[in-house]
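S.K.: missing the sequence, but the structure's below:
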């Protein structure tokens, strides 16, 4: 018996595949090693999200061992991956999804350069057009706090108070959110790039002054217009292909005649590992 209606089954499968793939991009970009670094993704039109299992290194991750949880962070029994506990920090991810329906993806990293700023207790300044474009100003620093429920409340409050979709947690690392998991990963990647660039520039002894607030606003406004146009084009494309993707119930036949599990249809897993840094301007 299937646990969810077909459209949710397909949505779960898509998010499983995407979250598994995006973890590879964290490793490729130098943002994660061993078991560190977590990506999660909301399942559209549901009270569910997919997150990395705890205790597995990145080489072991695959769509069918991603963990499906509800918005309280409870594992959905009887689904692939349910034999694994979700990664530590699932409470923070769940709370952020509950906090805002606009959050569709959450990333947590201990990437070296961003974490170096967090260890110094310093925000990443808006000294480059990349920071202005992606974050709309400095990437803020949240004083270290705990436990996870308090971390989530503080991160949510900081996200609400300013435009940056990334936050540094003092002495710990970074959180980033986005409309989709890919958007959250892009924010984490560009945060690391920005932190690295500032660090390298400072090593030369250069006096790096922040961008003027008016310039930041103009750069950010342009980015928001481009993003709005992209989302409109994507919605149009989705409407044009609505209904063309078949359900993925056990043994059901998909286009081309192949069959597969309702949670991990094979055709989804073949998505190319495109660089998340494309189309950032």
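M.R.: Now that the structure is in, tell me what you want to look at. Computed from a prediction, not measured in an experiment: that's the story for all the values here.

S.K.: How about residue 108, nearest residue that isn't a chain neighbour?
M.R.: If the residues on either side of it in the chain are set aside, residue 108 comes closest to residue 38, at 4.7 Å by Cβ to Cβ, 6 or more residues apart in numbering. C-beta here means a position set from N, CA and C on the backbone, and glycine is covered the same way.

S.K.: which residues touch the one you found?
M.R.: By Cβ atoms under 8 Å, 6 or more residues apart in numbering, the residues touching residue 38 are 51, 52, 87, 89, 93, 106, 107, 108, 109.

S.K.: So the fifth one versus residue 64, what's the distance?
M.R.: What it means is residue 93. Plainly put, residue 93 is 20 Å away from residue 64 if you go by Cβ to Cβ, to the nearest Å.

S.K.: More neighbours: which of the two?
M.R.: Here residue 93 and residue 64 are compared on neighbour count by other Cβ atoms under 10 Å; more neighbours surround residue 93, at 31 against 15.

S.K.: Could you report the pLDDT at the residue lying farthest from the centre of the chain?
M.R.: The outermost residue of the chain, judged against the average C-alpha position, is residue 205 (34.2 Å), by Cα atoms, centre = their mean. Here, the pLDDT recorded for residue 205 equals 89.

S.K.: Please state the backbone phi and psi of it?
M.R.: phi 90, psi 10 (degrees, to the nearest 10).

S.K.: Any regions of the stretch 101-250 of the chain where pLDDT drops low?
M.R.: The stretch 101-250 of the chain contains residues with pLDDT under 70 at 242-250.

S.K.: Swap in 80 and give it another go.
M.R.: Filtered on pLDDT under 80, the stretch 101-250 of the chain yields the residue ranges 238, 241-250.

S.K.: what about residue 162, how many neighbours?
M.R.: When neighbours are counted by other Cβ under 10 Å, residue 162 comes out with 14.

S.K.: My guess is it contacts residue 137. True?
M.R.: Yes - look at residue 162 against residue 137 with Cβ atoms under 8 Å: they come within range, at 6.3 Å.

S.K.: Could I get the full set of helices for the stretch 151-281 of the chain?
M.R.: 181-203, 213-240 (DSSP state H, counting those that start in this stretch).

S.K.: Out of these, the one nearest residue 126 is which?
M.R.: Nearest to residue 126 among these is helix 213-240; the distance by Cβ to Cβ comes to 5.6 Å.

S.K.: Report the distance from that closest one to the chain centre.
M.R.: Offset of helix 213-240 from its chain centre (Cα atoms, centre = their mean, to the nearest Å): 18 Å.

S.K.: Pull out the buried positions in it.
M.R.: By 16 or more other Cβ atoms under 10 Å, the buried positions in helix 213-240 come out as 216, 219, 220, 223.

S.K.: list the helices and strands that helix packs on?
M.R.: Where contact means 3 or more Cβ pairs under 8 Å, 6 or more residues apart in numbering; DSSP states H and E, helix 213-240 is packed against helix 129-135.

S.K.: Outside of the helix or strand just after the helix it packs on itself, list whatever touches it.
M.R.: Using DSSP states H and E, the helix or strand that directly follows helix 129-135 along the chain is strand 141-142. Counting by Cβ under 8 Å, 6+ apart, strand 141-142 makes contact with 117, 118, 121, 122, 123, 154, 155, 158, 167, 168, 169, 170, all of which sit outside it.

S.K.: and what of stretch 61-68?
M.R.: Contacts for stretch 61-68 (Cβ under 8 Å, 6+ apart): 12-13, 16-17, 19-20, 23-24, 43, 48-53, 56, 75-76, 79-82, 84-87, 261, 263-264, 268-269.

S.K.: Can you list the residue ranges for strands in the stretch 1-150 of the chain?
M.R.: 38-43, 48-51, 67-70, 105-109, 141-142 (DSSP state E, counting those that start in this stretch).
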